[in-house]
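Participant: Structure here, sequence nowhere to be found:
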């Protein structure tokens, strides 16, 4: 059975295996990777995990809140999911939730499973509804969001191309 866990150095090898499976230059939704993150060395990976922990720490001064979780089963990292929220109630530009499943583990319902569980995290931080977006051509992700209760609001241009915008009432 999969579980959602906070990013940890203990799973560096398992995370690297998932990262390699995505392939070079591929966007890995849900992991909060920035172009400047250097995760291919132990020191770089440790710095990235430390940033994620810092971003999520409510005792630190932040402009926005974050909850990062890895989808793990039998010691393997299968994907990631991230919750983003603004303390002033504004909607983050790319939505509240982003997720990704490594290619070999898709079509198992893992994204739907993780999305539904992260909605509990959204409730816990006081959100009453969340915006979830996906590429306009990604019908699998659209179905995942709809299974989680998402209602299509519209399709808009983003810096990454056209995106479907779904709202989920909590």
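Facilitator: Cool, the structure landed. Remember, predicted model here, so these are calculated numbers, not experimental data.

Participant: ok, how many other residues are close to residue 1?
Facilitator: 5 (other Cβ atoms under 10 Å). (Glycine included, C-beta is placed from N, CA and C.)

Participant: no, scratch that, I was asking about residue 141
Facilitator: What residue 141 shows, counting by other Cβ under 10 Å, is a neighbour count of 21.

Participant: give me the element it is part of.
Facilitator: Taking DSSP states H and E as the definition, residue 141 sits inside helix 139-147.

Participant: Below-threshold pLDDT in this protein: ranges please.
Facilitator: The chain contains residues with pLDDT under 70 at 24-28.

Participant: buried stuff in the helix or strand hosting residue 55?
Facilitator: Assigned by DSSP H and E, residue 55 belongs to helix 42-56. Neighbour counts over helix 42-56 (16 or more other Cβ atoms under 10 Å) mark 45, 48-49, 52, 55-56 as buried.

Participant: Show me the helices in this structure, by range?
Facilitator: 12-22, 42-56, 110-124, 139-147 (DSSP state H).

Participant: could I get the ones you listed as a markdown table with distance to residue 167?
Facilitator: What follows is these, written out as a markdown table (distance: least, Cβ to Cβ, whole Å):
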| stretch | distance to residue 167 |
| --- | --- |
| helix 12-22 | 28 |
| helix 42-56 | 24 |
| helix 110-124 | 12 |
| helix 139-147 | 10 |
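
Participant: closest to residue 35 out of those helices?
Facilitator: helix 42-56 (12.1 Å; Cβ to Cβ).

Participant: tilt between the closest one and helix 12-22?
Facilitator: When axes from the mean of the first three to the mean of the last three Cα atoms, to 10 degrees is applied, the directions of helix 42-56 and helix 12-22 differ by 90 degrees.

Participant: can you give me the offset of helix 42-56 from its chain's centre?
Facilitator: 16 Å (Cα atoms, centre = their mean, to the nearest Å).

Participant: Other residues contacting that helix?
Facilitator: 6-9, 12, 15-16, 32-33, 37-39, 60, 62, 65-68 (Cβ atoms under 8 Å, 6 or more residues apart in numbering).
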